[in-house]
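In: Just the structure for this:
(one chain, ligands or ions: 1)
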Amino acid sequence: KPNLSSTVAEVNFASYILNASGPRCTTEAELHNLGQSESAAIMTKSCTLLAREGNPEPRYKALPQGSIQSMGLPNLGYKAYLDMLPRLTQYNKPLIVSISGLSINDNVEMVSAFQKSAADLLEVNFSCPNVPGKPQLGYDFEQTDKALAAITKFGDKPLGIKLPAYFDFNHFETVANILKKYPVKFISSINSIGNTLVIDPETESPVIKPKAGFGGLCGSYIKPIGLANVNAFRQLLPKEISIFGVGGIYSGSDAFEYLLAGADAVQVATCYQEQGTECFSRISNELSQILSRKNYQDINDAKGALKLL
Ligand SMILES: O=C1NC(=O)NC(C(=O)O)N1
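Out: Presented below is the predicted three-dimensional model:
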């Protein structure tokens, strides 16, 4: 059986497939469920300073090839996750806390609070598109630079950034140059594609309620965009910065495409939302079969091995 284990930000992952922040990772029960699953890590829902209900429903709509959602960061508040972390170390897999402050100060307060915690990695979310009135931080390059300067002051807990999708090489380059200025250990690329609109012609209405129907697009629709972002950042960032690939991973083949694009590990969101924790073992087994069939002994033999035409 080929080796699927991977090192991301100097932390060892037993397999290449883990859950993404977002679906089914808000409550302690959900996080224990992830601990007992084949997910290579336990990743929490993005937390904010205080607990949040999130946006009014309907705020999630499954679509033929994915979903559109505007959850609005419903979570228990960062102190709840700080409190439960020690109870999650029993699963002997990396604990990753996702942090999504509503301001730079909120992010500083939370990143500081998790320095002495049992978290192995901190994933700071610069890309939530669904808090009304809040822009995606990752699309404001000046604020991104300012935020990184502030949250990387603490030093010891490895930290990475969850990025929005970019669509222009000037943006890939600008963001890569900002990231290289700071001790960022990884990026997770991509978040949902923000502010898309799905209309139901029968009801003549959007399919979700928040923000007049504008929400994050997820699933197979966004895989080509995720692959491009992973591959562009792989070429622009030094190898010391690891990359989690995210966006439309439902199968071993999808995961293999991210491997060829250069991802060090992949995060599964919509498929996990729709299928539950069985998806992790299924996707891992499918990836293992593909690697065997292609005579790759180890994922590192295929990582970034995209063969240009
Ligand atoms: O960062 C996020 N990305 C999303 O697509 N949705 C969630 C949310 O709305 O909570 N947050």
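In: Name whatever forms a beta bridge with the residue of the stretch 201-309 of the chain at minimum distance from the ligand.
Out: Closest residue of the stretch 201-309 of the chain to the ligand, C-beta to the nearest ligand atom: Gly216 (3.2 Å). Using the backbone N, CA and C atoms, a C-beta is placed for each residue, glycine as well. For Gly216, the beta-bridge partners under DSSP bridges are Gln69.
In: show me the contacts for it.
Out: Neighbouring residues of Gly216 by C-beta atoms under 8 Å, 6 or more residues apart in numbering: Ile68, Gln69, Ser70, Pro129, Asn130, Asn191, Ser192, Ile193, Gly194, Asn195, Thr196.
In: So Phe244, which state does it fall into?
Out: strand (DSSP: H, G, I helix; E, B strand; the rest coil).
In: I figured Ile99 hits Ser46, correct?
Out: Yes. Ile99 lies in contact with Ser46 (C-beta atoms under 8 Å); the separation is 6.6 Å.
In: how about the residues of the protein near the ligand?
Out: 22, 46, 69-73, 125, 127-130, 191-192, 216 (C-beta under 6 Å from any ligand atom).
In: One more pass at 5 Å, please.
Out: Counting by C-beta under 5 Å from any ligand atom, the residues of the chain close to the ligand are Met71, Leu73, Cys128, Asn130, Asn191, Ser192, Gly216.
In: got JSON lines for those residues, with pLDDT, distance to Lys93 and secondary structure too?
Out: Listed next are the residues of the chain next to the ligand as JSON lines, based on pLDDT from 0 to 100; distance: C-beta to C-beta, whole Å; DSSP: H, G, I helix; E, B strand; the rest coil:
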{"residue": "Met71", "pLDDT": "98", "distance to Lys93": "25", "secondary structure": "coil"}
{"residue": "Leu73", "pLDDT": "98", "distance to Lys93": "25", "secondary structure": "coil"}
{"residue": "Cys128", "pLDDT": "95", "distance to Lys93": "25", "secondary structure": "coil"}
{"residue": "Asn130", "pLDDT": "95", "distance to Lys93": "28", "secondary structure": "coil"}
{"residue": "Asn191", "pLDDT": "98", "distance to Lys93": "23", "secondary structure": "coil"}
{"residue": "Ser192", "pLDDT": "98", "distance to Lys93": "25", "secondary structure": "coil"}
{"residue": "Gly216", "pLDDT": "98", "distance to Lys93": "27", "secondary structure": "strand"}
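In: which one of those residues has the most neighbours?
Out: Most neighbours among the residues of the chain next to the ligand, by other C-beta atoms under 10 Å: Ser192, with 31 neighbours.
In: For that one, which residues are in contact?
Out: Taking C-beta under 8 Å, 6+ apart, one finds Gln69, Pro129, Gly215, Gly216, Leu217, Cys218, Ile222 in contact with Ser192.
In: Can you get me a residue count around Gly160?
Out: Neighbour count for Gly160, taken as other C-beta under 10 Å: 23.
In: Assign it to helix, strand or coil.
Out: Look at Gly160: counting by three-state DSSP, its state is strand.
In: nearest residue to it other than its sequence neighbours?
Out: Nearest residue to Gly160, sequence neighbours excluded (C-beta to C-beta, 6 or more residues apart in numbering): Phe186, at 3.5 Å.
In: these two touch, right, the one you found and Glu240?
Out: No. Counting by C-beta under 8 Å, Phe186 stays clear of Glu240, with 9.7 Å between them.
In: who has more neighbours, the two?
Out: Neighbours per residue (other C-beta under 10 Å) separate Phe186 from Glu240, with Phe186 holding more: 27 against 12.
In: Now a PyMOL select for only the buried ones of the contacts of Ser192.
Out: Buried subset of these, written as a PyMOL selection, criterion 16 or more other C-beta atoms under 10 Å:
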select buried, resi 69+129+215+216+217+218+222
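In: Surely Asp200 touches Val207?
Out: Yes. Contact criterion C-beta under 8 Å: Asp200 and Val207 qualify, at 5.4 Å.
In: My reading is that His32 lies in a helix. Confirm?
Out: Yes. The assignment for His32 is a helix, going by three-state DSSP.
In: May I ask which helix or strand encompasses the nearest residue to it once chain neighbours are set aside?
Out: Nearest non-adjacent residue to His32, counting by C-beta to C-beta, 6+ apart: Leu88, 7.1 Å away. Counting by DSSP states H and E, the element that carries Leu88 is helix 78-88.
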